[in-house]
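**Q** Could you look at this predicted model? Sequence included:
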Amino acid sequence: MHRTQRTHLENIGALLVVGSGKGGVGKSTVSVNLAVALAKRGASVGLLDGDAYGPSIPMMLGVRKRRASQGAQAVLPLAERKELTPDKKIKPLPRYGIKIMSVGFFIGEEQAVAPMPDVLGMLIRQLLYSVHWGTLDYLIIDLPPGTSEPQATLCREMQLDGAVLVTTPQDIARIDTSKALAMFQGARVPVLGVVQNMDGFLCPHCGEHVEISHVVKSRVFPSTIWPC
């Protein structure tokens, strides 16, 4: 993927993405904690849930929408990009000091949405432009699994200032994450670091690190495996 002229979002200091080649590794958890941590340091932060198939940011931040949307309420903002005045833009929802937007705001939490893969890039791009983010130091996009859309559209059209990759210790997760790494490197997107989730925990008694694999292999209750 070659570098072409990319768009920089107005009034956005840095556009960051959190991704991985594999699902279930904790990307959304990292995205939420990163956004809230930056906000607590005094930064102005926005968080965009880029997963249209399984948006999880709303529930993580305490936004529940149990009833399925119907008719116009379930219409996703898919329109050709154009200049909109702030009063005509979608207002993000403030939570824990950050501004959030998600496809999950338009549908019920158990309602399925199945856009064509090539539409996903258009959808996320539209949310970037049609949401009234205001002035932000950071806008973080929580990406869906894989290396297809909307990743391809974002890497091709937007000026991404950095990517954070998330993985787990399993070989299959690391292999899939390496594919995401290759994608961002090929697009010349700076990779800021890799977060490895679920690799262990600290003993609440002595502070020693305990491997998750030891817990699984022992097949015993955690209260019996403390190293101390």
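**A** Thanks, I have the structure now. Numbering: from 1, shown residues only.
**Q** residues contacting the spatially most central residue of the chain?
**A** Centroid-nearest residue in the chain: D142, 1.0 Å away (criterion: Cα atoms, centre = their mean). Neighbour list for D142: V18, K27, S28, S31, V32, L47, L48, D49, G50, D51, I57 [criterion: Cβ atoms under 8 Å, 6 or more residues apart in numbering]. To be clear about C-beta, it is placed using only N, CA and C from the backbone, and glycine gets the same treatment.
**Q** Could you rerun that using 6 Å?
**A** Contacts for D142 (Cβ atoms under 6 Å, 6 or more residues apart in numbering) come out as V18, K27, S28, S31, D49, G50.
**Q** tally of neighbours for the residue nearest to it when sequence neighbours are not counted?
**A** Nearest non-adjacent residue to D142, counting by Cβ to Cβ, 6 or more residues apart in numbering: S31, 3.8 Å away. When neighbours are counted by other Cβ atoms under 10 Å, S31 registers 27.
**Q** Can you list the buried residues in the helix or strand S31 falls within?
**A** Element membership of S31, judged by DSSP states H and E, is helix 27-40. Neighbour-count burial for helix 27-40, counted by 16 or more other Cβ atoms under 10 Å, picks out K27, S28, T29, V30, S31, V32, L34, A35, V36, L38, A39.
**Q** So what touches the helix ranked longest in the chain?
**A** In the chain, with assignment by DSSP state H, the single longest helix is helix 171-186. With contacts defined as Cβ under 6 Å, 6+ apart, helix 171-186 is touched by M1, G19, S20, G21, K22, V25, T147, A163, L165, T167, V191.
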